[in-house]
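**Q** need coordinates for the following:
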Amino acid sequence: MIKKNFSEDSKNRYAELCNSETTMPIFSQPWWLDCVSGESNWGVCLVEQDGEIVASMPYEIEKRVGFNLCKMPILTQTLGPWIRPSKLTNYKQLSRQKKLMNLLIDQLPNYDYFSQNWHYSQTNFIPFFWRGFQQRTKYTYLIEDLSDLDKVWDGFEAKTKLGIKNARDRFKLVIDENLTIEDFIHLHRRVFHRQNIAVPFSNQSIISLNQACKDNNASKIFIAIDEDGQKHAGVYLIWDQNSAYYLMGGSDPEFLNSGAVSFCLWEAIKFASTVVTKFDFEGSMIESIEPFVRAFGAKQKPYHSITKTPSLILRMRSALLQVRS
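**A** Okay, the predicted model is just below:
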């Protein structure tokens, strides 16, 4: 018999699941959520069958100006439901997913606004649609097979290859592995400052996340420097058991033409091939950035962005903002 798990030890049960389940993305790991949300600001819905967890869905909950917001944590690409794989027929598989997703939805805390981005592997949104959730399709960009780096290189656009070669041969860039997270943060912040955009998270948030990733052997920093020791650009890479992710990047505006970002990404891709099989650029819906990512031969992967706003006040506010825009 399937039962919903409301017990206080749900996080411990979930941690045991993540320790044994190789398909769980890094963004859904308890240690990640402890860091980006705070231990008291996230929870998890669990469905068990015969003592085994068959479905889970972590969430962050924040109280802001009187509203309960169930939203994406900072620096987190995806959350959403995880359903244990089965060998059922397609008909029975979809029926099973509907039942399990309804049980997950029933366990969500009271919220005025809900927003999650799902991993691209979870394609069945219909049970949430039937429960009043809305969906938008977004895209990430993925190199699906890192086993043959020559083939990966051949998939790059000519301009990207030239930029990497110039970074290496003309600007004499190398990756300095002795630089610190503070060195990376300085480069990362310059991207926001150049565009006059407020940085959406603190330096301490990055420092804390970096320590958590180091403790779990799940990150590496790539910073390109020239012969004079000047830092041109940096890439922050994370990974789980299936994929590496381009989490953050940064560059010095004085060296935008050195090809340093592409150079760092190529070095990150080469490293990623030693630990996983896929490289996820985390995509971009920004028109000016998308061609740069696509030029690495990455393929579009659609994923669901799920929302629901039970609060009438928040729905009215959202509608007013859309009219004004």
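
**Q** just say helix, strand or coil for the nearest residue to residue 63 once chain neighbours are set aside.
**A** Counting by C-beta to C-beta, 6 or more residues apart in numbering, residue 63 lies nearest to residue 69, which is 7.5 Å off, once chain neighbours are set aside. Heads up, the C-betas are built off the backbone N, CA and C, glycines and all. Put simply, residue 69 is strand when judged by DSSP: H, G, I helix; E, B strand; the rest coil.

**Q** how many neighbours does residue 69 have?
**A** Residue neighbour count, defined by other C-beta atoms under 10 Å, stands at 17 for residue 69.

**Q** that one contacts residue 110, doesn't it?
**A** No. With contact defined as C-beta atoms under 8 Å, residue 69 does not reach residue 110; the gap is 11.3 Å.

**Q** what is in contact with the two at once?
**A** Overlap between the neighbourhoods of residue 69 and residue 110 is empty, taking contacts as C-beta atoms under 8 Å, 6 or more residues apart in numbering.

**Q** ranges for the strands of the stretch 151-300 of the chain?
**A** Along the stretch 151-300 of the chain, counting by DSSP state E, counting those that start in this stretch, strands occupy 174-175, 219-225, 231-239, 243-251, 278-280, 299-308.

**Q** do the stretch 1-150 of the chain as well
**A** Ranges of strands in the stretch 1-150 of the chain, per DSSP E, counting those that start in this stretch, are 2-5, 42-49, 52-64, 67-71, 82-83, 113-117, 134-143.

**Q** and residue 253, how many neighbours?
**A** When counting by other C-beta under 10 Å, one arrives at 9 neighbours for residue 253.

**Q** how near is the residue nearest to residue 63 to residue 59?
**A** Residue 69 sits 10 Å away from residue 59, going by C-beta to C-beta, to the nearest Å.

**Q** quick check: which ranges of the chain have low pLDDT?
**A** Scanning the chain with the threshold set as pLDDT under 70 gives 1-8, 283, 322-325.

**Q** max-length helix in it?
**A** In terms of residue count, the longest helix belonging to the chain (DSSP state H) is helix 90-107.

**Q** list the helices and strands that helix packs on?
**A** Here helix 90-107 touches strand 2-5, strand 42-49, strand 52-64, strand 82-83, helix 126-130, going by 3 or more C-beta pairs under 8 Å, 6 or more residues apart in numbering; DSSP states H and E.
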